[in-house]
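>>> Sequence and predicted structure below; questions after.
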Amino acid sequence: MRNIWLVTKHGVKTTLRKPSFWILAILMPVLLMAMLTYSEIQGNAPAASAGDQETSAEEEDTAAARIPLVGLVDEAGLIAEIPTEIPAGMFLSFSDSNAARAALEAHEIEQYVEIPPDYLTSGEVTVYAENFKIRSGGEEMGVAFRSDTQWMLRYLIDYNLTGDQELVTALRNPVPGALAKWHAVSPPAETDASSQALAKVVSRLTPYAYYFLLLMGGSYLMRSVVAERENRTVELLLLSVHPRELMAGKILAMSVAVLVQVVLWVGCGSLALNRGADFLNVSQYTFPAGFLVWAALFLVLGYLLSASVMAAAGALAPNAREGGQMMWLLIIPLMPTLMFAELFVEEPNNPLTLVCSLFPFSAPSAMVTRLAVGQVPLWQIIVSLTGLALTAYLFVVLAGRFFRAGNLLSLAPFSWRRLATGWRK
């Protein structure tokens, strides 16, 4: 225990004295949270009061100008009438796809829709857009996926298939809201636009926080091991410290560094959320019951998993550049949570979010994001935490097999073959 304590003490002092640690621990997260908070709050500003809801003629003209111009290639011959609910002039008919594509390239229309001859059997249409972005949405997306006006295309087709507006309404909504009682399950707090704005801020900040905490902690551990190998300090250490004690001390040292980051980031995050709540004129954002306990457990186990991977990399790689190849084992599983953060708010039970929250390498980031913005079934939390704990234990044991004097003193280059076979020796 004394040797582990000495290694831990030395690692903490060395890490906290580095200016780069404080730059990454303070400046980068603050800038990231400020940008994300500002963009979300600006994009989700509170609705106007009742006295300001009267729309002027100029505002109506502006709203009309935002109506997308969509070409329509009706190869199935279904569209005979445009219902009054759809703005006049929104859909422009074209004889074939070539004419519609020419109009699209000439910027005369924003999109065009192709209804194939076999629509009645396939039920599929194709939407062509020049600047479509899968992660975007809103009024500027025309009738494409995740747009605010995508319902118009479906309504247009259904109306022409049935010829009866009331029948279309009944088919599209057989249980109208006037007769049904809605229960908001997620998020558990307020469901107005302002609260949703704060929930989106949290869903964006949480995966970034775990991304940097896990990767930075593991990266510092690997660099510490590689640096001692390059300056041959490890040769002196191994004279009095067992390799397993050296690994345990370094993992504990980096855990202290991660703890410092957690304290700083929680403080900055709380301040950002409180400021956002004041700006939106809503109550301060409150996390679900038990969130902090689950978040701490996932952080500890996620750190052990990433630290063990980086410890093995440091033991096998002669320099930080070669050891960085193993960073991809940690980066790739965390990417879906970063890319589809809004999906965790809009569809917390989506198959993608469920898989990410149960897969051990992405569970710390994905599951904590789901817990922060909505209710998660207890069995999913238990399964995710158990899988993460078993995986972390397995990789700590494997890292202990790599963290041997033979590897630490070796100058052989890093290779995936050594990684795949080294644990057997």
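Arrived safely, thanks for sending.

>>> Could you list which residues are in contact with L221?
K250, I251, A253, M254, A307, M310, A311, G314 (CB atoms under 8 Å, 6 or more residues apart in numbering). Bear in mind the C-beta positions are built from the backbone N, C-alpha and C, glycine included.

>>> Look up how far L408 lies from the first one.
It refers to K250. 12 Å (CB to CB, to the nearest Å).

>>> which residues are in contact with both of the two?
When contacts are counted by CB under 8 Å, 6+ apart, K250 and L408 are jointly contacted by V225.

>>> which of those two has more neighbours?
Legend: neighbour count by other CB atoms under 10 Å for K250 and L408, higher for K250 (27 against 21).

>>> Could you double-check that that one sits in contact with A311?
Yes: K250 lies in contact with A311 (CB atoms under 8 Å); the separation is 7.0 Å.

>>> anything in contact with each of the two?
Common contact partners of K250 and A311 (CB under 8 Å, 6+ apart): L221, V225.

>>> Run a quick neighbour tally on L171.
For L171, the number of neighbouring residues by other CB under 10 Å comes to 12.

>>> next one: T206
23.

>>> gap between it and F291?
10 Å.

>>> any residues in contact with both of those two?
Shared contacts of T206 and F291, counting by CB under 8 Å, 6+ apart, come down to A372.

>>> Now do the strands in the chain.
For the chain, the strands defined by DSSP state E cover 70-74, 91-93, 111-115, 126-129.

>>> how about those, which one is nearest I381?
Judged by CB to CB, the one of those that comes nearest to I381 is strand 126-129, at 38.6 Å.

>>> how far does the closest one sit from the chain's center?
27 Å (CA atoms, centre = their mean, to the nearest Å).

>>> Check stretch 330-343 too.
Stretch 330-343 sits 4 Å away from the centroid of its parent chain (CA atoms, centre = their mean).

>>> Sort out which residues of it are buried, please.
L330, P333, L334, P336, T337, F340, A341, E342, L343 (16 or more other CB atoms under 10 Å).

>>> Then stretch 13-23?
T14, T15, F21.

>>> Then stretch 79-95?
So, applying 16+ other CB under 10 Å, buried residues of stretch 79-95: I79, I82, I86, M90, F91, F94.

>>> closest to Y155 among the residues you listed?
Ranked by distance to Y155 (CB to CB), the buried residues of stretch 79-95 are led by I86 at 7.0 Å.

>>> now that closest one: how far from V113?
13 Å.

>>> The closest residue to E245 other than its chain neighbours and H10, how far apart?
Nearest-residue entry for E245: N3, 4.7 Å, with adjacent residues in sequence omitted and distances by CB to CB, 6 or more residues apart in numbering. Distance from N3 to H10, counting by CB to CB: 11 Å.

>>> Mutual contacts of these two, please.
Jointly contacting N3 and H10 under the rule CB under 8 Å, 6+ apart are G249.

>>> any idea which helix or strand of this structure has the worst average confidence?
Among the helices and strands of the chain, helix 57-65 carries the lowest confidence by mean pLDDT, DSSP states H and E, at a mean of 47.

>>> List phi and psi for the residue of the chain most remote from its centre.
Most distant from the centre of the chain: L239, at 45.5 Å, with distances by CA atoms, centre = their mean. The phi/psi pair for L239 (degrees, to the nearest 10) reads phi -70, psi -20.

>>> what's it in contact with, if anything?
By CB under 8 Å, 6+ apart, the contact set of L239 is empty.

>>> Please read off the pLDDT at it from the model.
What the model reports as pLDDT for L239 is 74.

>>> Ok, Q325 next?
If you check Q325, the pLDDT there is 74.

>>> residues in contact with G314?
So G314 contacts L221, M222, R223, S224, V225, V226, R229, G323 (CB under 8 Å, 6+ apart).

>>> The last one reaches A317, doesn't it?
Yes: with contact defined as CB under 8 Å, G323 counts as touching A317 (3.3 Å).

>>> Pick out whichever of the two has more residues nearby.
Taking other CB under 10 Å, G323 and A317 do not tie; A317 has more neighbours (26 against 22).

>>> the helices in the stretch 251-400 of the chain, which residues?
With DSSP state H, counting those that start in this stretch as the criterion, the stretch 251-400 of the chain has helices at 291-316, 320-323, 328-339, 341-346, 351-358, 363-373, 378-402.

>>> Tell me the buried residues in the second one?
What it means is helix 320-323. Buried, per 16+ other CB under 10 Å, within helix 320-323: A320, G323.

>>> outside of it, which residues touch it?
With contact meaning CB under 8 Å, 6+ apart, helix 320-323 is reached by M222, R223, V226, A227, M310, A313, G314, L316, A317, P413, F414.

>>> Turn those residues into JSON lines, columns for distance to I382.
As requested, these are arranged in JSON lines below (distance: CB to CB, whole Å):
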{"residue": "M222", "distance to I382": "31"}
{"residue": "R223", "distance to I382": "35"}
{"residue": "V226", "distance to I382": "37"}
{"residue": "A227", "distance to I382": "40"}
{"residue": "M310", "distance to I382": "27"}
{"residue": "A313", "distance to I382": "31"}
{"residue": "G314", "distance to I382": "33"}
{"residue": "L316", "distance to I382": "34"}
{"residue": "A317", "distance to I382": "36"}
{"residue": "P413", "distance to I382": "42"}
{"residue": "F414", "distance to I382": "37"}
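
>>> By pLDDT, give me the weakest of the residues you listed.
F414 (69).

>>> from the buried residues of stretch 79-95, which is closest to W151?
Using CB to CB, I86 comes nearest to W151 of the buried residues of stretch 79-95, at 9.9 Å.

>>> Return the distance of that closest one relative to Q165.
Distance, I86 to Q165, using CB to CB: 12 Å.

>>> got any ranges where the stretch 51-200 of the chain has weak pLDDT?
Along the stretch 51-200 of the chain, segments meeting pLDDT under 70 span 51-66, 132-142, 145-146, 148, 172-200.
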